[in-house]
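Asks: Whatever this is, show me its structure:
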Amino acid sequence: MPFQKQATQTLDAIADAVENTLGDAYSVDWAGEILTLEDVDGKQYVFNKHAPTEQLWLSSPVSGAWHFVWKNDAWVSTRGTTTLDNILEEELQIKI
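Replies: Alright, predicted model coming up:
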């Protein structure tokens with residue numbers, strides 16, 4: 001699947017999971033290629049598609065900055081084996 005389609009499907013799934021699971025605790029905002037999740041205290045998770053490198057980028061208020069590439073049917077960190085799914089489960093208790 002092309003990068004743009006895979007990345008958009010992933011970010012849509014994250015937005016849906018947050019709205020369905022954490023809707024009262026987080027606001028979900030799409031602005032262009034950027035998905036922002038903001039909790040009631042103002043902490044933000046910011047996701048964006050970085051097309052030149054075919055990566056999904058995440059800025060987390062808990063674990064910092066991450067870059068992920070699509071590999072073996074998962075978004076895997078460029079720094080090791082951590083996946084985007086792992087971070088979402090640990091930090092937001094959601095599954096996509």
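Asks: Helices of the protein, residue ranges please.
Replies: For the chain, the helices defined by DSSP state H occupy 3-22, 84-92.
Asks: Does the longest one pack against any helices or strands, and if so which?
Replies: Helices and strands in packing contact with helix 3-22 are listed as strand 26-31, strand 34-39, strand 44-50, strand 55-60, strand 64-71, helix 84-92; criterion 3 or more C-beta pairs under 8 Å, 6 or more residues apart in numbering; DSSP states H and E. To be clear about C-beta, it is placed using only N, CA and C from the backbone, and glycine gets the same treatment.
Asks: Reformat the ones you listed as TSV; add distance to Ile14, mean neighbour count and mean pLDDT.
Replies: As requested, these are exported to TSV (distance: least, C-beta to C-beta, whole Å; neighbours: other C-beta atoms under 10 Å; pLDDT from 0 to 100):
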stretch	distance to Ile14	mean neighbour count	mean pLDDT
strand 26-31	9	14	94
strand 34-39	7	18	96
strand 44-50	7	19	97
strand 55-60	10	19	98
strand 64-71	12	15	97
helix 84-92	7	17	96
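Asks: Distance to Glu19 for the ones you listed - can I get that in CSV?
Replies: Compiled in CSV, the helices and strands packed on helix 3-22 are given as follows (distance: least, C-beta to C-beta, whole Å):
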stretch, distance to Glu19
strand 26-31, 6
strand 34-39, 10
strand 44-50, 14
strand 55-60, 18
strand 64-71, 22
helix 84-92, 12
